[in-house]
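*Asks:* No sequence on hand, only this structure:
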């Protein structure tokens, strides 16, 4: 049995980058929702922050669904 170390390193690198990107997207979504809470406390509108938060969460769901698709295929 021979291990292809370059391929293993490539898989590790891609999974690390994708994990960091998903965490960053989720964090941006949480930040957008917290801005909505702050704006509601001040009596202001935060439609753009909420839209951005939902877009971040949708991107997270899409990335996870694509990952599951890749595993199943």
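*Replies:* Ah, there it is. What you are looking at is a predicted structure, and each value in this text was computed from that prediction instead of being measured. Numbers count the residues shown, from 1 in each chain.
*Asks:* Let me see the contact set for residue 26.
*Replies:* Residues near residue 26 by CB atoms under 8 Å, 6 or more residues apart in numbering: 56, 57, 60. Heads up, the C-betas are built off the backbone N, CA and C, glycines and all.
*Asks:* Tell me the spacing between the first one and residue 20.
*Replies:* Which is residue 56. Separation of residue 56 from residue 20 (CB to CB, to the nearest Å): 14 Å.
*Asks:* How about residue 68?
*Replies:* For residue 68, the distance to residue 20 - CB to CB - is 19 Å.
*Asks:* cool, and residue 51?
*Replies:* On the measure of CB to CB, residue 51 and residue 20 end up 24 Å apart.
*Asks:* returning to that earlier point: quick one: which of residue 56 and residue 20 has more around it?
*Replies:* Between residue 56 and residue 20, counted using other CB atoms under 10 Å, the more crowded position is residue 56 (20 against 10).
*Asks:* now stretch 16-30: how far from the chain's centre is it?
*Replies:* Distance, stretch centre to chain centre, for stretch 16-30: 4 Å (CA atoms, centre = their mean, to the nearest Å).
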